[in-house]
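# below: sequence and its predicted model.
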Amino acid sequence: DARADKNSLKLDVNVFKEKIVHHLRCTIGTSEKKASKLAWWQALVATANELIFDRLTQTQYTHATKDTRAVHYLSAEFLMGRLTVNNLVSLEVYNTAKSALQELGIDINELCEEETDMALGNGGLGRLAACFMDSLATLAYPSVGYGIHYENGLFRQEIREGRQIERPDSWREYGCPWEVCRPESVQEVPIGGFVETQTAPDGSIRKVWHPEHMIKGVPWDIPVVGFRGASVTILRLWESRPTESFNWDVFNAGGYVDAQNEKAAVETISKVLYPNDSTEAGKMLRLTQQYFFSSCSLRDILRRYNRTHFHDYGEFAKKIAIQLNDTHPVIAIPELMRLLVDEEGISWDAAWEIVTEVFSYTNHTLLPEALEKWPVYIFEKLLPRHLEIIYEINYRFLNEVVEAKWSGDDEKKRKLSIIEEGPCKMVRMANLAVIASRKINGVAEIHSKLVRENLFPEFSTLWPDRFCNVTNGVTPRRWMLACNPGLAELYNEIAGKDWPLHLDSCAALRPYADDPQIQKRFMDIKFKNKVALAAEIKKLCGVEVDPHAMFDVQIKRLHEYKRQHLNLLYILHLYRKLLADPAMRIVPQVFIFGAKAAPAYTLAKNIIYAINVIGDKINNDYRIRNQLKVVFMPNYRVSLAEKIIPAADISEQISTAGYEASGTSNMKFSMNGALTLGTMDGANIEIVAEAGVENNFIFGMSVKDVQELKAKGYNPWDFYNSNQDLRAVVDWLDSDFFTEDRQALASIKHSLLEGGDPYMVLADFASYCAAHKRAEEMYADKARWAHAAIMNSASMGKFSSDRSIEDYVHNIWKLKNYEIKDEI
Ligand code: 26Q
């Protein structure tokens, strides 16, 4: 097996076997005879944890003794998925564990399936944070990830009669063996109440916040194991609890039961992850979550700093970098001001200098409706002191900085103000982030350009040096080595065993792209992965698919801008042609979808329904002789992606140009030898620049085309009226051919015509069809396809998250890494 072990950890199979049995008996409290699979898995984790915690201690010792500068990655989401295979591979004991379990009569793969995904994120942004943790640990940079210990992650999706149903995801109902509670690092966070202005005898004024409640933050640590044990870093997630003092008054008044109710209200804060859903924006609980975890994290950072610096903040900005993952933790900016000024007694100017040195902000979206804004009245209720601080920051910014540059220009001030005026005054979190951050970055070249030019044009005139780009990346440990052992073995032979650390070295495969033997080897690996996925599809969807067919995959959150319905229109187009000409032969194709829709996003849910009912019809239509299959795989999540991506032939990356900030599955697919069918958007542009446009299928309008068409006035009817094929498939949605619930499908047609087709699906339809046809033709030419697949996989060096982290380190965080030796 390519996930090979080095014996540095000196665990041989017999020792490992003894340890698992020991933990089964002495940690889990069962025996080999009656242990369930879950119990065996827990014993396996306990065994791994022996190695992990020792390595963690070594890491923390090195960092403490060297008083290192560290980055603190604040993110409302960490989409970690499962940890077992990755941790065993990183510890170089995967094969040892596999053999040990085998001798005990147990299949390691089955055990690993026992683990519930840690789905503490919505999608790309959360998974990016998880890949970054993996790279930080692997590159041994001093770092901590801070987030929320949600009791329920992103909802579990069930499909009933083609429709999405949301179920709670209680990922740690029976405990999670990877996490450790750290009671010694509990924090208390104030909230609510009012601000009192005190005037001292000398006339100076002081602001005193009298909060209404205190919330306890309990930290749970999840160790993140760097590849080959380079270092072990920590993901620290905060759980909210009531404080002991919280409800004394109610309690003393005899309100024992009422007191329990108040407790429940506080526990609600970390109960559930919000699905990425614009209708949910502006909810009080969401701001409370953001403030709660930001404040706990800052207090934790200050506590650790003061252990060695004793409240002398002169070195703070030298030791601390804080990265804000989108605007979700931006409340940390006024919170750090408040902690320094109100609680530590530092002057405003000194505190502002510190704040503007430590924070940096990553933007992940250009969609105006996704930019976070909070009503001022919510701030007044929850965070009255923070609101005052925001006003002060804003006042100084407008009257010193903006006034100096654009004297007397009120329009500029209105636009750049942190406060949006209007019937409901709002706090613009992105403006606050830009004003306080040392660096602001987008997540792919084109996105960073649009952040500068379209999103923050005035800010980038004001502070051109603050804006930069860090193109996203993904960890090759999870997304190649662990999920595609066949491919990993090939790279071990061709590129040497260090390719997971130096992904550029995979380029060693490129000279073999036309070698028939290597082509066969590469495509055999792909075929085996497709056979395995076909079995999974049979199990989950009850649909039989042929692994020789072209596997065309679109897996991502359901959004109009990602245009799953463009893909669906093409499927209808193919189906229609097959029905019209029963003798027609096409390249057999399986269209595979996975997507969750935000619970209140009706059109997105209708698109899921449409994929399911149209798929059902097609899959059971004997007339098309199995040339076309459409499957919707329920409950798309990290662990499912790990099964789907290694088996994909085509990677659908078809967002309207200018809307997908980067995309990251596009990178994972390419690494695993899929060809991209995509628009010139996000990181697609950089991916095809590396892998060759000729080895992928680029179609549709560019960002410039989109801007020009919008400027001259886009009318979807023009495309509908002038393209027969397009009109036929759009009209097909408004018929009773597929379902009784005609309305659900007709709503898609409606949005594309009367709704104005906001993401220009109809404008790109013809070009999409042509690109797909090119893909089908190339798939029929096995050698040409193998060449392209190899060129993609072997050219993804740039998209290792190690490269992204090195970019952050050199351009933003300025960290040094340290070799972790066994010292204590
Ligand atoms: C906001 C308010 C209320 C509730 C939820 C949210 C919310 C939650 C999550 C808003 C946005 C998100 C997630 C956004 C996201 O995943 N963006 C993606 O980030 C990736 C990593 O940079 C990019 O590759 C994708 O292009 C981008 O869409």
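Perfect, thanks for sending it.
# show me what contacts the closest residue to residue 231 other than its chain neighbours?
For residue 231, ignoring the flanking residues on the chain, the nearest one in space by C-beta to C-beta, 6 or more residues apart in numbering is residue 140 at 4.0 Å. (C-beta placed from N, C-alpha, C; glycine too.) For residue 140, the contact set (C-beta atoms under 8 Å, 6 or more residues apart in numbering) comprises 59, 226, 230-231, 817-820.
# that's a strand at residue 140, yeah?
No: Residue 140 is assigned coil when assessed by DSSP: H, G, I helix; E, B strand; the rest coil, not a strand.
# okay, it: pLDDT?
pLDDT, residue 140: 98.
# for it, give me phi and psi.
phi 60, psi 40 (degrees, to the nearest 10).
# hmm, who's touching stretch 471-479?
Here stretch 471-479 makes contact (C-beta under 8 Å, 6+ apart) with 81, 86, 89-90, 127-128, 131, 134-135, 138, 227, 443-445, 499-500, 503, 642, 645, 662-664, 667-668, 671-672, 683, 686, 798-805, 807.
# switch the cut-off to 6 Å
With contact meaning C-beta atoms under 6 Å, 6 or more residues apart in numbering, stretch 471-479 is reached by 86, 128, 131, 134, 227, 443-444, 500, 503, 662, 664, 667-668, 799-801, 803-804.
# out of those, which are close to the ligand?
128, 443, 662, 664 (C-beta under 6 Å from any ligand atom).
# reformat the contacts of residue 140 as a markdown table; add secondary structure and pLDDT.
Listed next are the contacts of residue 140 as a markdown table, based on DSSP: H, G, I helix; E, B strand; the rest coil; pLDDT from 0 to 100:
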| residue | secondary structure | pLDDT |
| --- | --- | --- |
| 59 | helix | 98 |
| 226 | coil | 98 |
| 230 | coil | 97 |
| 231 | coil | 98 |
| 817 | coil | 97 |
| 818 | coil | 96 |
| 819 | coil | 96 |
| 820 | coil | 96 |
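# sorry, back to before: now, which of the ones next to the ligand among the contacts of stretch 471-479 lie within helices?
Judged by DSSP state H, helices contain the following of these: residue 128.
# interface residues of this protein facing the ligand?
Residues of the chain found near the ligand (C-beta under 6 Å from any ligand atom) are 122-125, 128, 274, 276-277, 280-281, 286, 364-365, 370, 372, 443, 472, 660-664, 682.
# let me see the domain layout of the chain.
The chain is divided into the following domains under automatic domain parsing: 67-82+117-472+807-813, 490-797.
# what's the mean pLDDT across the last one?
Read that as domain 490-797. Mean predicted lDDT for domain 490-797 stands at 98.
# next, the residue of the chain most remote from its centre: secondary structure please.
The outermost residue of the chain, judged against the average C-alpha position, is residue 201 (53.4 Å), by C-alpha atoms, centre = their mean. Assigned by three-state DSSP, the conformation of residue 201 is coil.
# for it, grab phi and psi.
In terms of degrees, to the nearest 10, the main-chain angles of residue 201 are phi -50, psi -30.
# how much space separates it from the ligand?
Look at residue 201 and the ligand: by C-beta to the nearest ligand atom, to the nearest Å, they are 47 Å apart.
# check that residue and give its pLDDT.
Note on residue 201: pLDDT of 94.
# start the count at 5, not 1, going forward
Sure, I'll start numbering at 5, so the last one becomes residue 205.
# relative to residue 345, how far out is it?
According to C-beta to C-beta, to the nearest Å, residue 205 stands 21 Å off from residue 345.
# again with residue 500
Residue 500 sits 54 Å away from residue 345, going by C-beta to C-beta.
# between those two, tell me which one has more neighbours.
Legend: neighbour count by other C-beta atoms under 10 Å for residue 500 and residue 345, higher for residue 345 (20 against 11).
# contacting residues around the nearest residue to the more buried one once chain neighbours are set aside?
The shortest distance from residue 345 to any non-neighbouring residue, by C-beta to C-beta, 6+ apart, is to residue 355 (5.0 Å). Neighbouring residues of residue 355 by C-beta under 6 Å, 6+ apart: 341, 344-345.
# in helices, which of these appear?
Per DSSP H, those map to helices at residue 341.
# in TSV: the contacts of residue 355, plus pLDDT and distance to residue 761.
Converted to TSV, the contacts of residue 355 look like this (pLDDT from 0 to 100; distance: C-beta to C-beta, whole Å):
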residue	pLDDT	distance to residue 761
341	99	45
344	98	50
345	98	51
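# which helices and strands does the lengthiest strand in the chain pack with?
If each strand of the chain is counted by residues according to DSSP state E, the longest one is strand 217-229. For strand 217-229, the elements it packs on are helix 41-70, strand 191-195, strand 236-246, judged by 3 or more C-beta pairs under 6 Å, 6 or more residues apart in numbering; DSSP states H and E.
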